[in-house]
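# One predicted model, sequence on top.
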Amino acid sequence: MDSIRGQGGIQMLLTAEREAQQIVKAARDLKTARLKQAKDEAEKEAANYRSHREYEYQKHISESGDSSDSTLRRLKAETESTIRNLKETASRVSPETVSLLVKCITTVR
């Protein structure tokens with residue numbers, strides 16, 4: 001009788017172990033499915049972000065393409081203005097500079 005009871009106990013343990021393995025396997029499968037879903041969502045979000053940034057970049061390029069000519073004209077005007085100012089300053093200061101140089105050269109110490 002004890003051996004029959006022992007057999008039943010062992011059988012119950014084996015059944016419980018199989019059920020536990022199935023529960024663990026189901027949990028692993030669920031975890032794997034959730035990880036795959038999260039990875040897919042992250043890839044989709046990254047692709048959306050990349051496409052948005054590419055759109056913004058192309059938009060910026062197209063907008064700045066027209067403004068590059070205006071930027072070039074503005075820089076050219078600024079450069080010409082700066083050159084003009086430097087020439088005016090040089091012509092104003094030139095007589096003083098020449099007289100100072102002549103004075104320094106001709107004065108003996």
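Structure received. Here the structure is a predicted model, which is why all the values come from computation and not from measurement. Residues are numbered from 1 along each chain as shown.
# Could you use CA atoms for every contact and neighbour count after this?
Noted.
# got the CA positions of stretch 15-23 in PDB?
Included here for stretch 15-23 are C-alpha records, laid out as PDB according to Å, rounded to 0.1, in the frame of the first residue of the first chain:
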ATOM      1  CA  THR A  15       2.800  16.400 -12.800                       C
ATOM      2  CA  ALA A  16       3.400  19.500 -10.700                       C
ATOM      3  CA  GLU A  17       6.900  19.800 -12.200                       C
ATOM      4  CA  ARG A  18       5.500  19.600 -15.700                       C
ATOM      5  CA  GLU A  19       2.900  22.200 -14.900                       C
ATOM      6  CA  ALA A  20       5.600  24.500 -13.400                       C
ATOM      7  CA  GLN A  21       7.800  24.000 -16.600                       C
ATOM      8  CA  GLN A  22       4.800  25.000 -18.700                       C
ATOM      9  CA  ILE A  23       4.200  28.000 -16.600                       C
END
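# what are the ranges of the strands in this protein?
Counting by DSSP state E, the chain has no strands to list.
# Check the gap between residue 107 and residue 84 for me.
Distance of residue 107 to residue 84, given as C-alpha to C-alpha, to the nearest Å: 35 Å.
# Which one of those two is surrounded by more residues?
Using other C-alpha atoms under 10 Å as the criterion, residue 107 and residue 84 rank with residue 84 on top: 12 against 8.
# Run the chain-centre distance for stretch 48-59.
Its chain's C-alpha centre and that of stretch 48-59 lie 12 Å apart, by C-alpha atoms, centre = their mean, to the nearest Å.
# Quick check: buried residues in it?
Taking 16 or more other C-alpha atoms under 10 Å as the basis for neighbour counts, none of the residues of stretch 48-59 comes out buried.
# just for the chain, where's the confidence low?
Within the chain, the stretches with pLDDT under 70 are 1-6, 65-67.
# what are the ranges of the helices in it?
2-106 (DSSP state H).
# Distance of residue 88 relative to residue 63?
To residue 63, residue 88 is 38 Å away according to C-alpha to C-alpha.
# repeat for residue 43
Shown here: residue 43 relative to residue 63, a distance of 30 Å by C-alpha to C-alpha.
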